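**Q** Please work out how this folds:
(chains A and B)
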Amino acid sequence: MTPEEILSTNRRGFLKSAGMLMVGFTARALAPNADAQTSNAAAPYPEPDYHQLDSWIVIHENNTAVFYVGKTDCGQGTGTSFRQLMSDELDIAFDQTSCIMGSTDNTVDQGGSGGSTAMERDSWPMRHAAAEARRVLMEMGARRLGVPVEELAVQNAVIRLKADPSRSVTYGELIAGKKFNVTLTGANVNAVTGMAKVKTVQELKYTGQPIERADIPAKVDGSLKWAVGVKLPGMVHARNIKPPFAGAKLTGVDESSVKNLPGFVKVMRKGNYLAVVCEREEQAIHAARQLKATWEKPATPPFPASEDLFDYMRAATPTSASNPQVVGNPDTAFAGAATVIEAEYQVPFQGHTAIAGAHATADPSNGQMTIYSNDMKSYGMRRGVATFLGMAPEKVRVVWMEGPQGYGRTAADDAGCEAAWIARELGRPVRVQWMRDEETAWDTKSPAFLVKMRGGLDRKGDLAAYDYNARSCDYNHVGYNEPDTVLIAQLMGSRRARPAAGSSATPSDMYAIPNRRMAGEVVGLPLVWETPLRTGNLRDPNGPQSTFAAESFIDELAAAAKADPLEFRLKMLSAATNDDTGFHRARSIAALKAVAEKYGWDARTSPQSGSQSAARRDILTGRGIAYSFRGQTVVAQIAEVEVNRQTGHVWAKRLVCAHDCGLVVNPQSLQRTIEGAMLHALSRAIHEEVQFNTEKVTSVDWISHPTLRHSDVPESIEIVLVNGDPNPNRPDLRPYGGGEAACKPMLAAIANAIFDATGVRLRRVPFRDARVLAALKAAHG
Amino acid sequence: MSNFRLKVNGKTLDVNADPSTPLLYVLRNDLGLEGPKFGCGLGQCGACTVIINGAAVRSCILPASAVHSEVTTLEGLSVAGKLHPLQQAWIDEQVPQCGFCQNGQIMTAKALLDKIPHPTDAQIRESMNSTLCRCMTYYRVQSAIKRAAQTLAECGPANGKEVAA
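**A** Next up is the predicted model:
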């Protein structure tokens, strides 16, 4: 066994029994809170104290280190990257380390994952803790060897006398079996630090290396234990029965329709929440389909049909509006503009639609509640479940395990609260999993956006006036496992006084536009609670929508100005003279130039004219560029598409991306993450839309909410990792976010490429064949 | 409930379940083989794929009692303790993101390469087209299939790294 496996066995015992996985908890000699937790019966489960060095790092006798971090992984391999940074700071070989993540009773609360913060924010206290551990161990080594610290050197967790390398002591010899008992400082978990300084970029050895992800082998040989596979003694299976109409009221349940079915345990009902429990999984699925219930439709339609959504949004009274950001005097500038163009862009609701439904297993043994879950915000789930059930938080723990990703879906996980409630009612361990139709129809949705844009060009073709006005359908945006916003709580009748306001978004704003106004509004749907059109955060919650509008419109302005789209952008970025603290302007220019160079961009206006291949008359080819930033990360992308003018089919043949997220911790896993993010956004550009009528969501599977497939994949994806910092070798260069930024520009890059190929501007996502064909026919007859 | 017998990954196993139970639940819940995953229960996504008679089959819609030939799951791909070249290629290409669908990607690719050792790009796209991934690892999946095809041609089926204990 590898150290990682041994350690994980010590920490979280996976006991194989009769060919089945049983999860048990065994003694953890040196873990944080070890004294309090020696078995499943032990409680409470207090949060590890982030001010204790022992909460972050444990070093074992065999000179290996285990890092405990309060993060979960959505599949980008962040655990491996944390190990790279922490191994560097601790001066231990990467292969001698392992990483435990995201379980509330043995890792500090760093919030789980979200917002692409893993490297940018959360690796910072980890690095400081590891640096402090090194400092303390060096002092211990100095005492052991009887020399001042200055006379020592450390490599691979072995401290040696510089003058006499034969005299040495290992970290394990110094600390194994003992605690550091070192108190760290810092106002909050993100600011945790000891006395030691972190290393300079130039001193980092593993950071920057394309080290293979530690989680991948078990994902390809079938040995990984997933949250979905947890089995507990006496466990039963539950399946939900969702309202057949949005906003329906449950008026009756005929238990006789299921009580004689094999394995039947119980019907669970409270308010409009309805579930059935059986001994075996397939029995629960069958019983949920057989259960007869009567539902009363709401008096008024819960929402408009999806084809009427944008008319509805246009006419709706906003529930909130942001203060406009105004530069210069836009009204005067529009009045004096030589050319004014206007456009409206539309992005529909799009689903998280994880490859598998929400799931969790809850164990109510010993008056406590343990939840096995893939919730990306496990700490939030713990608090949410505790409040929902009225339990003390220290009696609840969430054990995070890997699961199918929905890129934000599990931030608002529903199954954990469901499993915990049923488990407490029954007094038995319960496993809940959502079925496909349930997940697609009722998961959280990315908010729909309607964006109105107006631009005024002066006589030279420069952008003199600009107006961006976004309306998002985001009222009552779902929070992170809040006990009154998870679906089960809503179905049970819970209503908070004031629904979450939701938000719209403004686009990246480094272009030097002398007169500019940007504003956002939020609108709501008639049905606010218990709705399948609940909005939640999907991989940069508003960025793809706002950037689709903003970067498409910049292309429209470039075309109106008869300018090359790249040069039009660069001119507006270069026109500013003062840079900002994040060097966004300089780094934007660097990213745009890098992507253009990689692609082989030649300056010309769009749409292209006359050079289409005569041999493939039905295929029109075009290229499109778009760029944006998210936080400190800057991304520029170029898409090359083929549009079939007979079918309307769009194929992104080539995608090129320049990506600047500062210090790169693992270039290989970053590149894979960027590829996934780009293709996820491509899927949103050409396929994804939640459809509904005036009674319910009708997107229920992979036909009615289609996704990208193998046949859609580009022939080539090329990624350039850029460091556009004005001082690229700065010793304190920080890593910025890598998970979401690459989603932002893609929708606009595809739309701009379609325009370049066909001369037709598509302003409504997704660009499905029928919509593209209709637009081509409308333009060309 | 009734008793029936399944041959899975070289072993013959007795099962007691309702005959209509989809093979997927028997594999996962009775036999502890959790490579195949529940994704849709509709045969649309491929996460549950196993191999029967050389074909990639969706175990979520196949009654277990109707299976009379040997079933191979992801756990059964390794040969003599070595990863199958496809699994090794998946590591070498660093294919997975979350990894949940990868059982279906690998098993569908296995059935493809068993039938067509050197597939063209078009054959790969067509054969894999109904095997879905919401992390969108398709580009790397396709690279890994080509890499594995090369390895299989050069070295045969048992040349991966040792399977983890």
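**Q** can we go C-alpha only for contacts and neighbour counts from here?
**A** Fine.
**Q** quick one: contacts for the residue in chain A that chain B sits nearest to?
**A** Nearest residue of chain A to chain B, counting by C-alpha to the nearest C-alpha: A:Gly75, 3.7 Å away. Taking C-alpha atoms under 8 Å, 6 or more residues apart in numbering or on different chains, we find A:Gly75 in contact with A:405, B:96-99.
**Q** Please name the spatially closest residue to residue 126 (chain neighbours excluded).
**A** Looking at chain A here, since you left the chain open. A:Met86 (6.5 Å; C-alpha to C-alpha, 6 or more residues apart in numbering or on different chains).
**Q** please go with chain B instead
**A** Ranked by C-alpha to C-alpha, 6+ apart and with sequence neighbours excluded, the top spatial neighbour of B:Glu126 is A:Ser711, at 6.8 Å.
**Q** Do I have it right that the one you found meets B:Asp121?
**A** No. Using C-alpha atoms under 8 Å, A:Ser711 makes no contact with B:Asp121, being 9.7 Å away.
**Q** who's more crowded, those two?
**A** A:Ser711 (19 against 15; other C-alpha atoms under 10 Å in any protein chain shown).
**Q** returning to that earlier point: how about the residue nearest to A:Met126, phi and psi?
**A** With angles defined as degrees, to the nearest 10, A:Met86 sits at phi -70, psi -30.
**Q** Give the residue spans of chain B that score low on pLDDT.
**A** For chain B, applying pLDDT under 70 flags the ranges B:157-165.
**Q** Could you rerun that using 90?
**A** B:1, B:79-81, B:155-165 (pLDDT under 90).
**Q** What are the boundaries of the helices in it?
**A** Assigned by DSSP state H, the helices in chain B fall at B:23-25, B:85-92, B:102-115, B:121-128, B:138-155.
**Q** wait, which of the ones you listed is closest to A:Ala586?
**A** Proximity to A:Ala586 (C-alpha to C-alpha) singles out helix B:138-155 among the helices of chain B, at 31.6 Å.
**Q** near chain A, anything from the closest one?
**A** Yes. Applying C-alpha under 8 Å from any C-alpha of the partner chain, one finds helix B:138-155 in contact with chain A at B:138-139.
**Q** which secondary structure elements does that helix contact?
**A** helix B:85-92, helix B:102-115 (3 or more C-alpha pairs under 8 Å, 6 or more residues apart in numbering or on different chains; DSSP states H and E).
**Q** one more time with 6 Å, if that's ok
**A** helix B:85-92 (3 or more C-alpha pairs under 6 Å, 6 or more residues apart in numbering or on different chains; DSSP states H and E).
**Q** quick one, domains of chain B?
**A** Taking automatic domain parsing as the criterion, chain B consists of the domains B:2-73, B:85-155.
**Q** As a check, name the ranges of all helices in the stretch 651-781 of chain A.
**A** Assigned by DSSP state H, counting those that start in this stretch, the stretch 651-781 of chain A shows helices spanning A:667-686, A:746-758, A:769-780.
**Q** ok, now how distant is A:Phe264 from A:Ala284?
**A** The spacing between A:Phe264 and A:Ala284, counted by C-alpha to C-alpha, to the nearest Å, is 8 Å.
**Q** Give me whichever of the domains of chain B is most buried.
**A** Stretch with highest mean neighbour count among the domains of chain B: domain B:85-155 (a mean of 22; mean count of other C-alpha atoms under 10 Å in any protein chain shown).
**Q** ends of it, how far apart?
**A** Its first and final residues considered, domain B:85-155 spans 9 Å by C-alpha to C-alpha.
**Q** now stretch A:362-379
**A** Counting by C-alpha to C-alpha, you get 15 Å between the two ends of stretch A:362-379.
**Q** Let me know the average pLDDT across it.
**A** Mean per-residue pLDDT for stretch A:362-379: 96.
**Q** First-to-last residue distance for stretch A:677-695?
**A** Counting by C-alpha to C-alpha: the opening and closing residues of stretch A:677-695 are 33 Å apart.
**Q** Which residues of chain B lie near chain A?
**A** Applying C-alpha under 6 Å from any C-alpha of the partner chain, one finds that chain B approaches chain A through B:32, B:35, B:39-40, B:74-75, B:87, B:97-100, B:125, B:129, B:134-138.
**Q** Next up, the contacts around the residue positioned nearest the centre of chain A.
**A** The centroid of chain A falls nearest to A:Tyr407 when counting by C-alpha atoms, centre = their mean (3.9 Å). Contacts here follow C-alpha atoms under 6 Å, 6 or more residues apart in numbering or on different chains; on that basis A:Tyr407 touches A:538-539.
**Q** Can you give me the distance of it to A:Leu491?
**A** For A:Tyr407, the distance to A:Leu491 - C-alpha to C-alpha - is 24 Å.
**Q** what do you get for A:Ala131?
**A** Using C-alpha to C-alpha, A:Ala131 is found at 48 Å from A:Leu491.
**Q** ok so, going back, export the domains of chain B to CSV and tack on distance to A:Gln433?
**A** Formatted as CSV, these follow (distance: least, C-alpha to C-alpha, whole Å):
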stretch, distance to A:Gln433
domain B:2-73, 10
domain B:85-155, 15
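**Q** before we move on, the earlier item: the residue nearest to the centre of chain A sits in which helix or strand?
**A** Under the criterion DSSP states H and E, no helix or strand holds A:Tyr407.
**Q** Quick check: it vs A:Val236, distance?
**A** To A:Val236, A:Tyr407 is 29 Å away according to C-alpha to C-alpha.
**Q** Over to A:Arg654?
**A** In terms of C-alpha to C-alpha, A:Arg654 sits 49 Å off from A:Val236.
**Q** Ok, A:Gly524 next?
**A** Per C-alpha to C-alpha, A:Gly524 is found 39 Å from A:Val236.
**Q** swap in B:Leu83?
**A** B:Leu83 sits 35 Å away from A:Val236, going by C-alpha to C-alpha.
**Q** swap in A:Asn469?
**A** For A:Asn469, the distance to A:Val236 (C-alpha to C-alpha) stands at 51 Å.
**Q** out of those two, which sits in the busier spot?
**A** The neighbour count for A:Asn469 versus A:Val236, taken as other C-alpha under 10 Å, is higher for A:Val236 (24 against 21).
**Q** Would you mind listing the residues in contact with the more buried one?
**A** A:278-279, A:430.
**Q** Doesn't A:Ser98 lie inside a strand?
**A** Yes. According to DSSP: H, G, I helix; E, B strand; the rest coil, A:Ser98 belongs to a strand.
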